[in-house]
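One predicted model, sequence on top.
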Amino acid sequence: MSELTLTVMRLGFLAVLWLFVIVAVQVIRSDLFGTRVTQRASQRGARRDGGRPQPQRQAPPQQQRSQPGGGRRGRNTPTKLVVTEGTLAGTTVALQGQTITLGRAHDSTIVLDDDYASSRHARIYPDRDGQWIVEDLGSTNGTYLDRTRLTTPTPIPLGTPIRIGKTVIELRK
Amino acid sequence: MSSTTNSPTHHTSTIGAIGAPSRRNTELALLVFAVAIPVFAYANVGLAINDQVPAGLLSYGLGLGLLAGVAHLAVRKFAPYADPLLLPLATLLNGLGLVAIWRLDQSKLLQAIKVAGTTAPRQLMYTAMGIALFVVVLIFLKDHRVLQRYTYISMVGALILLLLPLVPGLGANIYGAKIWIHIGSFSIQPGEFAKIVLAVFFAGYLMVKRDALALASRRFMGLYLPRGRDLGPILVVWAISILILVFETDLGTSLLFFGMFVIMLYVATERTSWIVFGLLMSAVGAVGVASFEPHIQTRVQAWLNPMREYKLSRTVTHDGIVHSDQLQQALWAFGSGGTLGSGWGQGHSDLIKFAANSDFILATFGEELGLAGIMAILLIYGLIVERGVRTALAARDPFGKLLAVGLSGAFALQVFVVAGGVMGLIPLTGMTMPFLAYGGSSVIANWALVGILLRISDTARRPAPAPATNPDAEMTQVVRP
C-alpha cells in the first residue's frame, strides 16, 4: 500500500472521528429540551430562570396547551396562576385541571425559595365543579387568602392574593 | 405550545415545557455513523499491515452492526424517550476498542508471549454479552426507582462482590493484584460489577440521610463540620476502600469507590467540606498504605522514575521486585505518535507487551491516532459523562438524580484513573479503560451501566401523563363556608 494512500487514510480517519464528535455536540445543542421561557423582562427574569430550573421541569407539556373554552368552564373560570410578589414574581402557570402544589420541596409544582414557606405548604386544586380551591397543608407560617389565615380548604375568587411567606400568587383569567 | 400573558405587568416570563421528542431517529443515524467509523478503521489496519482489506471485514462489520441494531431496537421498544447519544457513543468506543484489540492481535511480538492472537473474537463475544445484559436491564428494569428498595441488600451484595477475590480457591492473584475470581475457565473481575451495585446503595442511603448530613453541622473556619455520628458512614466507606487497597492491593478500585462516594455525598448535601474531607482522607489513606505495601511502592517508584524502571527491567536484579518497562514504553508510544499519529497499524505499541491490549490500550490509540485521536476519544468519554450528568439534572426524583450522578461519576473517575496512570500523571493502577480495553467483566458491566443511565433518562424525559383525572377533585368533599 502506497505511503500516500495510508497518509490520506490516517488523516481521513481523524477527520471522520472528529466529525462524529462535532455531530454529537450538535445533537446535544438541539436536544436542550424541557423548558422554554418566554422572556418579558431581561435581567431579573434571566437570573431567576437560571437559578430555579425545578418548577419549569415540573410542568408537563399538556398543562401549557391552552384549550380555549374547553368543557364546562364558565366565564369566571381562571386560566392561569400568576406569581405577583416574591422571588418568582412574574411566573405564570396555566391551569388545566391539575393540582398545583406549593412549597420548598423540590417536587412541588411551584418551588418556593422562601424561608417562611414550609416544604409542603399549600395546594391549589379544582373541585368537581371546576371551582379552584386553596388548601393549607399544615404549614408553619400559614397561608393567607387576602388577609385571613386559612383553616379549611377555601374557594379562590378571581384576583384575590394568596400570600405564602413573601410570595403572593393570584388566579387570573 | 406555551401560554403567554397579555397583562402589562413588569418582569413577566412564562414557563412552558417543550414536549421532549423521542429522538430515536437521531440515535439511529448516529449509530450508523458509530458503526461505520470502526469498520473504516478495521479496513485501514488491514491495508496498513497486510496490504489488503482484511477478510473478516464483512462479518466484523455485520457483527458490530447487528449488536448495535439489537440495542437500538431494545431502546426503541423499552425506553423510547431515552437519551439519543449514550448508545452511539458507547458503541463507537466499543467498536474502536475491538479494532485496536484486533490490530494488536496481528503483532508477532504479542502472539509470541500469548498476550494477543485471538483476543478480538473473544472481545466481540464479550460485547455481545454486554449488549445482552444491556437489553435485559432495559426490559426488566421498568423503573429505576425499584432499585431504591434494595438499598441495604445492594450494600451487602457489593461487599460480597468485593470480598470474593479474597476467598481462598476462588480468588486469583494475577500479577500482584487480587481482583479476579475464577469460575471454570472464566475469570471475572467482580469489582467492575460492584461499582454499579455500590452506586445503588449510596444513592438510596444518601437520599434518606442527606438532610442530616447537610444541615446538622457546625461552621468552623468557613467549613461545615458534620456531627460525629454523621461522619460514621463516610468513615466506614473509607475503611472499606482502605481494606481493599491493603488486601487486594488494588489502588484503582479503592480510589474509584471512595471517589464515587465523595461525589455523591457532595451532590446530595451541597457541602464543599465533604470534598475537602474526602481529598484529605484519600490522601492520608493512600500515603499510609503506600508506606508499607510493597506492591504499591513499586507502582509509585515506576511512576516517579519510569526510565529507571526501564533500565532495571533490562538488567538482572536480585531485589525480588518485578521491574516493568511498561510505563516507559507507553510514554514512548505516546511520544512517537505525535500530533497526528502514525496511522492505524503502523505504531509499535506492542512493545508494551503485557497488558498492551487491556490496561495500556490507550497507548495504542496515542501512538496510531496521535494527540488528535486521543483528544477525540477523551471527548467521547466526556460526552458520555455529560449525558449522565444531564440525565441526573433532568431526573425528577432524588434517587434517580443521585444514581445517575454516581454512575457517571464512577465512569469519569475510572477514565481518569486509567488514562492518568497510562500517561504518567498518577501511579498506574490495574483498571481497564471502559469499553476500549480487552476484558469481559469491564465491557459487560459498563454496558449495564449505560443501560441503567438510559432507563433513568427515559423516565426523566418521558412526557408526564395528562393531568385530566384528578383524584383529589373526585374524592374530597369540600365544605363551603
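Thanks, I have the structure now.

From here on, just use CA atoms for contacts and neighbour counts.
Fine.

what does the stretch 201-350 of chain B have sitting close to chain A?
B:L340, B:S342, B:G343, B:W344 (CA under 8 Å from any CA of the partner chain).

Could you export the residues you listed as TSV, including secondary structure and neighbour count?
Converted to TSV, those look like this (DSSP: H, G, I helix; E, B strand; the rest coil; neighbours: other CA atoms under 10 Å in any protein chain shown):
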residue	secondary structure	neighbour count
B:L340	coil	18
B:S342	coil	22
B:G343	coil	25
B:W344	coil	27
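
max-length strand in chain B?
Secondary structure of chain B per DSSP state E: the longest strand is strand B:177-183.

State the mean pLDDT of the helix ranked longest in chain A.
Scanning chain A for the helix with the most residues, using DSSP state H, yields helix A:3-30. Mean pLDDT, computed over helix A:3-30, is 91.

re earlier: from the residues of the stretch 201-350 of chain B next to chain A, which single one is nearest chain A?
For these, the minimum distance to chain A (CA to the nearest CA) is 4.9 Å, reached by B:G343.

Might you report the residue contacts of the closest one?
The neighbours of B:G343, taking CA atoms under 8 Å, 6 or more residues apart in numbering or on different chains as the test, are A:L6, A:T7, A:M9, A:R10, B:E367, B:E368, B:L369.

Give me the distance between the fourth one and B:A48.
Right, A:R10. For A:R10, the distance to B:A48 equals 10 Å [CA to CA, to the nearest Å].

Return every residue with contacts to both of these two.
Counting by CA under 8 Å, 6+ apart, the contacts common to A:R10 and B:A48 are B:W344.

can you give me the helices in the stretch 251-400 of chain B?
Here the stretch 251-400 of chain B has its helices, by DSSP state H, counting those that start in this stretch, at B:251-269, B:272-290, B:294-304, B:306-314, B:326-337, B:361-368, B:370-394, B:398-422.

Need phi/psi at the residue in the stretch 51-200 of chain B positioned nearest to chain A.
Among all residues of the stretch 51-200 of chain B, B:D51 sits closest to chain A, at 5.4 Å; criterion: CA to the nearest CA. Backbone torsions of B:D51, given as degrees, to the nearest 10, read phi 60, psi 20.

and it, how many neighbours?
13 (other CA atoms under 10 Å in any protein chain shown).

For it, report the pLDDT, please.
For B:D51, the model assigns a pLDDT of 85.

Equivalent analysis for the one 3 residues further on, please.
As summarised for this prediction, B:P54 has a pLDDT of 85.

One more: A:Q43?
42.

related to what we said a few turns ago, any chance of the residues of the stretch 201-350 of chain B next to chain A in TSV with distance to B:G232 as columns?
Shown next, in TSV, are those (distance: CA to CA, whole Å):
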residue	distance to B:G232
B:L340	50
B:S342	52
B:G343	52
B:W344	51
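
contacting residues for the closest residue to A:N141 other than its chain neighbours?
Using CA to CA, 6 or more residues apart in numbering or on different chains and skipping residues adjacent in sequence, the residue nearest A:N141 is A:Y116, 6.4 Å away. Applying CA under 8 Å, 6+ apart, we find A:Y116 in contact with A:N141, A:I164, A:G165, A:K166.

so what's the closest residue to chain A within the stretch 151-300 of chain B up against?
Nearest to chain A in the stretch 151-300 of chain B, going by CA to the nearest CA, is B:D211, at a distance of 12.4 Å. B:D211 is in contact with B:T269, counting by CA under 8 Å, 6+ apart.

redo that, cut-off 7 Å
By CA atoms under 7 Å, 6 or more residues apart in numbering or on different chains, B:D211 lies in contact with nothing.

can you tell me the helix or strand for it?
Following DSSP states H and E, the helix or strand that holds B:D211 is helix B:190-215.

could you give the angle of that helix to helix B:251-269?
30 degrees (axes from the mean of the first three to the mean of the last three CA atoms, to 10 degrees).

Would you mark the buried spots in helix B:190-215?
B:190-207, B:210, B:213-214 (16 or more other CA atoms under 10 Å in any protein chain shown).

and if you look at stretch B:64-74?
Neighbour-count burial for stretch B:64-74 flags B:L64, B:G65, B:L67, B:A68, B:G69, B:V70, B:A71, B:H72, B:L73, B:A74 (criterion: 16+ other CA under 10 Å).

which sections of the stretch 51-200 of chain B are below the confidence cut-off?
B:172-178, B:184-185 (pLDDT under 70).

quick one: average pLDDT of stretch B:431-445?
89.

Also stretch B:268-284?
83.

try stretch B:454-470
72.

for stretch A:126-143, same thing?
With pLDDT averaged residue by residue, stretch A:126-143 scores 87.

Stretch B:307-319 too?
Across stretch B:307-319, the per-residue pLDDT values average to 77.

Would you mark the buried spots in that stretch?
Buried-residue list, stretch B:307-319, by 16+ other CA under 10 Å: B:M307, B:R308, B:E309, B:Y310, B:S313.
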